[in-house]
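Chemist: I need the structure of the sequence given here:
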Amino acid sequence: MRKRAIYIEDGAQISLIRVMLTDGSSANVIHRLAFACARTKVLSPFALLFQHINRIYNGCSIGTKANFAGGLALMHPIGVVINSKVIAGKNITIESGVVIGDEKGLSPSLGDNVFIGAGAKIIGNVTVGNNVKIGANAVVVKDIPDNCTALGIPAIARLNER
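Modeler: You can find the predicted model right below:
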């Protein structure tokens, strides 16, 4: 029987099980299970159970209906709080201590290829475009257009130079 492995950038080989047990991967898998259960009336009680497990095991609170298109990477999920109404595109990278929350019942939406640095906050009815980088501890309260980097409190967006 062949052992399944994943290769990382430097050519090192690590097992698939080891990857799944890392905190970011397990938080993502548990959230995906909660999201799948939340979409089915019969399984919806299990969604809250999975959310609670994620809170205890990984130290993060991701709403059961938070919708990520694919490619979610939680680098260090401790302290991450994501509202249930968040809708996000593909390839989202989130570092520790990030809050993506609602204000007055309105939640942010994220485009594709978004990086959110440690401690950043995205609050309210905000649209974050595609190919955006949000710096550590930035507070985003206004829309960020495509291909920008946002830094500061409140965050100021600057167009990425190529």
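Chemist: tell me the helices in the protein, going along the chain?
Modeler: Remark: helices assigned in the chain by DSSP state H are 16-20, 23-38, 44-58.
Chemist: Now do the buried residues in the second one.
Modeler: Looking back up the chat, that one is helix 23-38. Buried residues in helix 23-38, counted by 16 or more other C-beta atoms under 10 Å: 23-28, 30-31, 33-35, 37-38. From N, CA and C alone the C-beta is placed, and that goes for glycine too.
Chemist: Just the mean pLDDT for it, thanks.
Modeler: For helix 23-38, the mean pLDDT works out to 86.
Chemist: Packing partners of it?
Modeler: Judged by 3 or more C-beta pairs under 8 Å, 6 or more residues apart in numbering; DSSP states H and E, helix 23-38 is in contact with helix 16-20, helix 44-58, strand 61-62, strand 73-74.
Chemist: need the buried residues of helix 23-38 in JSON lines with distance to residue 51, can you?
Modeler: Putting the buried residues of helix 23-38 into JSON lines (distance: C-beta to C-beta, whole Å) gives the following:
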{"residue": "23", "distance to residue 51": "16"}
{"residue": "24", "distance to residue 51": "17"}
{"residue": "25", "distance to residue 51": "17"}
{"residue": "26", "distance to residue 51": "14"}
{"residue": "27", "distance to residue 51": "11"}
{"residue": "28", "distance to residue 51": "13"}
{"residue": "30", "distance to residue 51": "8"}
{"residue": "31", "distance to residue 51": "8"}
{"residue": "33", "distance to residue 51": "10"}
{"residue": "34", "distance to residue 51": "5"}
{"residue": "35", "distance to residue 51": "10"}
{"residue": "37", "distance to residue 51": "9"}
{"residue": "38", "distance to residue 51": "9"}
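Chemist: Pull the contacting residues for the spatially most central residue of the chain.
Modeler: The residue lying closest to the centre of the chain (C-alpha atoms, centre = their mean) is residue 94, at 4.8 Å. With contact taken as C-beta atoms under 8 Å, 6 or more residues apart in numbering, residue 94 is in contact with 72, 73, 74, 75, 77, 80, 82, 116.
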